[in-house]
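Asks: Make a model of this:
(chains A and B)
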Amino acid sequence: MNNKQLDLVIPVDQGLSELQASFQNNFYVNVLAETVNYRVFYDTFDWLLYNNGAVLEVHEEEQARRIYWRADKDSDLKIQLGLKQVPQLASDLAECEFRRQLTSVISVRELIPRIKIKIKRQPLVVLGKNEKVVARVNFDEYWYFPSKVRAGIVLGKRITIKPVKGYADEFDQVVAFFLPLELRQAQDNILKLALAESGTGTSEYSTRLNLFLDAEMSAEAALKQILLRLLEIMLQNSAGSIRGRDTEFMHDYRVSIRKTRSALTQINKVLPQGIIAKYNKFFSGLGKLTTPVRDLDVFQLKLESYQRDLKQAAQDQLQPLRDYLAQSRAEAQKKFVYTLKSPEYRQSIKEWREYLESPEPTKPPLENTDKEIYKLADELIWSMYQLALEEGNAITDDTEAEALHELRKTCKKLRYLMEFFQSLYPASRIRELIQALKGLQDNLGVFNDLHVHRGILKRYIKQSTDAGANKACKQVMNYLKHRQVKTRHRFAEHYAAFSSPDNQAEFKDMFVDSH
Amino acid sequence: MKVIAIYNIKGGVGKTATAVNLSYLASLDGASTLIWDLDPQGAASYYFRIKAKIKGGGQKLVEGRRGLDDAIKGTDYENLDLLPADFSYRNMDFFVEMTKKPEKRLNKLIKPLSEEYDYVFLDCPPSISSASESVFAAADVLLVPTIPTTLSLRTYKQIKKFFKQEHYDSMKILPFFAMVDQRKQLHRLIVEYPPSFMPCVLDSYIPYASEVERMGVKRAPLGDFAAHSRAAICYKSMWEEIKSHFYPTA
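Replies: Alright, predicted model coming up:
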């Protein structure tokens, strides 16, 4: 019969040394050298591992560094032999089971060290006949380190009793010694304790606006709240976007810029024209810097699926293209980072925040400044929906791709408006309307991506002299063209759902008749 | 889980010392490690101060009537367990042959341990038999300690020939030179210029050293009582080399 390790919690005011001395008086033990080790828990920026029950921790010991992985809460923590360092991205690993499991949880997100814990351990081994080790007992103290410069915070003390296989009776005797002390069995793991101590919320990050607007608040107050929240998301993602490996940071950063511009220009006659012009220009400039980075990110991520039908030789011939994409991405990223690190950028962000946080109302008020937000929201959404229908109804099989592009932009504006003002409407009803819109947007989005990716390939071929690579690129282009045609064919089906009489009636009821 | 068998037809070439020292080094890496003492002499069990006896005998274990897990004992070292020898292992061939698919027997017994162990070391007895064939099938790597002498090299050739004849994967065989006596010219010569039939011989070799013999007195792996001795350092470097076969990109 094999026993399970037992972790007991020692009250903070109880000294470990007295307990250890008492234990030593009762058992024949060998006291091993005290150790001080560190445990670093890695996770993504948005705590995907923790929230999915997975754990990736590094045990930093005096002469060794070990990496442990647990895929979900039902598995055991297993050492990852042969792995010298934690990968930044799952794709940094060679093909293996660990990579597959990691990818399924974090996808393309970057792993960063999140929590560091120090463990001072006094290990003891209990000896039996012939001085054979029959049980292990560790007296541990844990500290949490909030940052490199701040002192550790005591997390707690624990006694760990570890069985040695084949010596179940001896283990039971050790456990029996601690029973009268009525020590609590540890329920929470150390990471959970450290998270509680740090006040870190593992479900705090969201790209959703999660705003709760008061229907009767002024449009100006509501708009400033929306813009502030978007600024917050932008800033949460800037450090990761500057690091540049986790493509999701750039995605979220870019989307918050786009939403900011959309809010500034769509929710009009609320803020002074000068402010709108100034910051629209600023955010438009930023957005343009992110476009090539994001386009290349998406293309690089999709290339694997695009090339799947190609013969291996043709896939190999795409290597110069991959190098070109990596180099182009690095150049675009460099420009982006240069801007984000500039004093001008920091100053603009600072001024923007100050403006949004200022309680000063716009004087004199513009046409919509003091309007109750629910009225303005109704008007804006309804009119954007009408525009989407107008543009959508005009699309036939022969319509140029530009018209689809225009409709895509209009749908995006509509989606953003619905998200900005989501809290003003019954949750389930607006969610369903957004869902119907999302189906159409996905179709238009795929169509646009394929168009952009063909453009990237065209640009590559134009400057490349590698005949093999160009031939393989043309094969990929043909595949993209074929997919574009198929996607275009499916447009009608998605648009029909979006423009169905039921959906139109629901839009009308929500945004025209309800208030 | 990686299964590493330490095997040679010849006795007295340092199989047990290798199994004990390498399994100890594996456990120091934090790998959950098991050493199975398959030799009825029970030397590995002795080194780890565990009685060479299986309750109910070896036959029940091999036939699967008793789970391996019940017979496993923890050693004095964290992460390192031992499945002790039993004198009845002298009849191992008979036990194996009595089962349905003798050549796959050991593999079938070890497989359930893959959840718990990262490495299983098999300390094999010196022979070539049905039990050995079961080892050949189960092992990911067959470490063959070879003394750099004419007779030992001949034995190594016999193993290779047998693998070829019986269609075992000869890529599994990793020979290395053991008990190398630098005072002997032949030893030096063979280690420096290994014969062409040993293209994959490990770069690391184990010297003839009195510390290795002291393992029997101390009843412990070298790393425990003579971690800085030459032989201990050589085992360490050999373990790194073996790991590079498993994790080439690490």
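Asks: host element of residue A:355?
Replies: Secondary structure assignment for residue A:355, by DSSP states H and E: helix A:343-357.
Asks: Also residue A:8?
Replies: strand A:6-10.
Asks: residues of the following helix or strand past that strand that come out buried?
Replies: Sequence order places helix A:16-26 as the next helix or strand after strand A:6-10, per DSSP H and E. By neighbour count with 16 or more other Cβ atoms under 10 Å in any protein chain shown, helix A:16-26 contains the buried residues A:16, A:19, A:20, A:23. C-betas here are computed from N, CA, C, even on glycine.
Asks: Can you give me the distance of residue A:346 to residue A:355?
Replies: Remark: distance between residue A:346 and residue A:355 (Cβ to Cβ, to the nearest Å) = 15 Å.
Asks: farthest residue from the center of chain B?
Replies: residue B:185 (27.8 Å; Cα atoms, centre = their mean).
Asks: interface residues of chain A facing chain B?
Replies: A:2, A:59, A:64, A:66, A:78-79, A:81-84, A:94, A:125, A:130-133, A:136, A:162-167 (Cβ under 8 Å from any Cβ of the partner chain).
Asks: buried subset of those?
Replies: Applying 16+ other Cβ under 10 Å to the residues of chain A next to chain B flags A:59, A:66, A:78-79, A:81-83, A:125, A:132-133, A:136, A:162-167 as buried.
Asks: I figured residue B:92 was touching residue B:58, is that so?
Replies: Yes: at 6.8 Å, residue B:92 counts as touching residue B:58 under the criterion of Cβ atoms under 8 Å.
Asks: how long is stretch A:236-255 end to end?
Replies: Chord length of stretch A:236-255, first to last residue, is 13 Å (Cα to Cα, to the nearest Å).
Asks: Going by neighbour count, list what's buried in that stretch.
Replies: Buried residues in stretch A:236-255 (16+ other Cβ under 10 Å): A:236-238, A:240-241, A:244-255.
Asks: just stretch A:130-148 next, same as before
Replies: The neighbour-count check on stretch A:130-148 (16+ other Cβ under 10 Å) flags A:132-146 as buried.
Asks: rewinding a little: can you tell me which of the buried residues of stretch A:236-255 are in helices?
Replies: Mapping these onto helices (DSSP state H) picks out A:236-238, A:240-241, A:247-255.
Asks: can the residues you listed go into a markdown table with extra columns for pLDDT?
Replies: Compiled in a markdown table, these are given as follows (pLDDT from 0 to 100):
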| residue | pLDDT |
| --- | --- |
| A:236 | 92 |
| A:237 | 94 |
| A:238 | 94 |
| A:240 | 93 |
| A:241 | 95 |
| A:247 | 94 |
| A:248 | 93 |
| A:249 | 95 |
| A:250 | 95 |
| A:251 | 95 |
| A:252 | 95 |
| A:253 | 96 |
| A:254 | 96 |
| A:255 | 96 |
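Asks: So residue A:479 sits against residue A:306, correct?
Replies: Yes: with contact defined as Cβ under 8 Å, residue A:479 reaches residue A:306; the gap is 6.2 Å.
Asks: just to revisit the earlier point, select from the buried ones among the residues of chain A next to chain B every entry located in strands.
Replies: Counting by DSSP state E, those place A:59, A:66, A:78, A:79, A:125, A:133, A:136, A:162, A:163 in strands.
Asks: ok, so of the residues you listed, who is nearest residue A:189?
Replies: When these are ranked by distance to residue A:189 (Cβ to Cβ), residue A:59 comes first, at 14.1 Å.
Asks: does the closest one have beta-bridge partners, and which?
Replies: residue A:39, residue A:66 (DSSP bridges).
Asks: Which pLDDT value goes with it?
Replies: Looking at residue A:59, its pLDDT is 94.
Asks: and it, what does it touch?
Replies: Counting by Cβ atoms under 8 Å, 6 or more residues apart in numbering or on different chains, residue A:59 makes contact with A:37, A:38, A:39, A:65, A:66, A:67, A:68, B:30.
Asks: For burial, what's the neighbour tally of the residue of chain B found nearest chain A?
Replies: Residue nearest to chain A within chain B: residue B:247 (2.8 Å; Cβ to the nearest Cβ). For residue B:247, the neighbour count with other Cβ atoms under 10 Å in any protein chain shown is 15.
Asks: That one: what's it in contact with?
Replies: Counting by Cβ under 8 Å, 6+ apart, residue B:247 makes contact with A:81, A:82, A:83.
Asks: For the first one, give me its contacts.
Replies: By Cβ under 8 Å, 6+ apart, the contact set of residue A:81 is B:29, B:31, B:118, B:243, B:246, B:247.
Asks: Just the buried ones from these?
Replies: Listed as buried from those are B:29, B:31, B:118, B:243; burial here means 16+ other Cβ under 10 Å.
Asks: Using JSON lines, please lay out these together with pLDDT and secondary structure.
Replies: Converted to JSON lines, the buried ones among the contacts of residue A:81 look like this (pLDDT from 0 to 100; DSSP: H, G, I helix; E, B strand; the rest coil):
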{"residue": "B:29", "pLDDT": "93", "secondary structure": "coil"}
{"residue": "B:31", "pLDDT": "95", "secondary structure": "coil"}
{"residue": "B:118", "pLDDT": "95", "secondary structure": "coil"}
{"residue": "B:243", "pLDDT": "93", "secondary structure": "helix"}
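Asks: Compute the first-to-last residue distance for stretch A:261-272.
Replies: Its start and end residues considered, stretch A:261-272 measures 15 Å (Cα to Cα).
Asks: Stretch A:174-189 now?
Replies: The straight-line separation of the ends of stretch A:174-189 (Cα to Cα) is 22 Å.
Asks: in it, what's buried?
Replies: Across stretch A:174-189, burial judged by 16+ other Cβ under 10 Å covers A:174, A:177, A:178, A:183, A:186.
Asks: For the third one, give me the pLDDT.
Replies: The score at residue A:178 is 91. That number is its pLDDT.
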